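1. How does the following fold in three dimensions:
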Amino acid sequence: MYPVLFRGASTSFLMLLATLTGCSSGSSTPPVSVPLAPPQVAEVQCDKQHSSHGPNIYTCQSDLGPMFVTTVKDCSIPEKFTFQATTRQLLVGVMDLTVMSQEPETLNSVKTLHSIVHGTMDVDPFIMSIYTFHQNDCITDLVVWKGSTHLKPSSDETAKFSEVSSSLAKNLVATLVPSQEQPRAES
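-> Reported below is the predicted structural model:
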């Protein structure tokens, strides 16, 4: 396996995220990269990649090798946009984009749209899971991806990737959504 695929998978998407979070299409609040809580990140064997600027990207160890995780929160999207439309907006610039599946999924009582896509970025193929959900007036995307050795992953590769990415997402989504419990009044 070529090590450039793993390096390329993280840096290519990093450039895409920097573009998305750094450029605004006239909105008052551009998308932002949201950091994840350190205890949950450590629990799922993830380490934050160090960079002075740009998105929060984490490298996670898995049965499939290194996987990468980031989040993008956008509070400027009009309510009329669907999750499918916002997912497509996140993937602008991806070549040979194929949506392999897109269906509702609940992660720790959070209703999400789970999309699995594959494509190429800067000639490096990748496979990606995106979990899109509403939080207050914002849309948040929890994105899990890894480099791929094939331009088109097999159905077995896709199923295994979906399983591993869902496991990661279930553990990390709690860091993005505040607890629904109300604080108790002290007596």
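
2. which residues touch residue 110?
-> Shown in contact with residue 110 (Cβ atoms under 8 Å, 6 or more residues apart in numbering): 133, 173, 177. Any C-beta I mention is one placed from the backbone N, CA and C, and that applies to glycine too.

3. Let me know the closest of those residues to residue 119.
-> For these, the closest approach to residue 119 (Cβ to Cβ) belongs to residue 133, at 22.3 Å.

4. Once you drop chain neighbours, what's closest to the closest one?
-> Of all residues not flanking residue 133 in the chain, residue 112 sits nearest, at 4.4 Å (Cβ to Cβ, 6 or more residues apart in numbering).

5. list the contacts for the one you found?
-> Shown in contact with residue 112 (Cβ under 8 Å, 6+ apart): 104-106, 131-133, 142, 173.

6. tell me which element residue 175 falls in.
-> helix 155-176 (DSSP states H and E).

7. Can you point out the buried residues in that helix?
-> Judged by neighbour count (16 or more other Cβ atoms under 10 Å), helix 155-176 contains these buried residues: 157-158, 161-162, 164-166, 168-176.

8. Closest one of these to residue 38?
-> In terms of Cβ to Cβ, no member of the buried residues of helix 155-176 lies closer to residue 38 than residue 175, at 9.0 Å.

9. these two touch, right, that closest one and residue 36?
-> Yes - in terms of Cβ atoms under 8 Å, residue 175 counts as a neighbour of residue 36; the distance is 4.8 Å.

10. Leaving out chain neighbours, which residue sits closest to residue 141?
-> Closest residue to residue 141 apart from its sequence neighbours, by Cβ to Cβ, 6+ apart: residue 72 at 4.7 Å.

11. what are the bridge partners for the one you found, then?
-> In this entry, residue 72 is beta-bridged to residue 33, residue 141, by DSSP bridges.

12. returning to what we had before: columns pLDDT on top of the contacts of residue 112, output as JSON lines?
-> As requested, these are exported to JSON lines (pLDDT from 0 to 100):
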{"residue": "104", "pLDDT": "92"}
{"residue": "105", "pLDDT": "90"}
{"residue": "106", "pLDDT": "90"}
{"residue": "131", "pLDDT": "92"}
{"residue": "132", "pLDDT": "89"}
{"residue": "133", "pLDDT": "88"}
{"residue": "142", "pLDDT": "91"}
{"residue": "173", "pLDDT": "82"}
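
13. Which ones among the residues you listed map onto strands?
-> Mapping those onto strands (DSSP state E) picks out 104-106, 131-133, 142.
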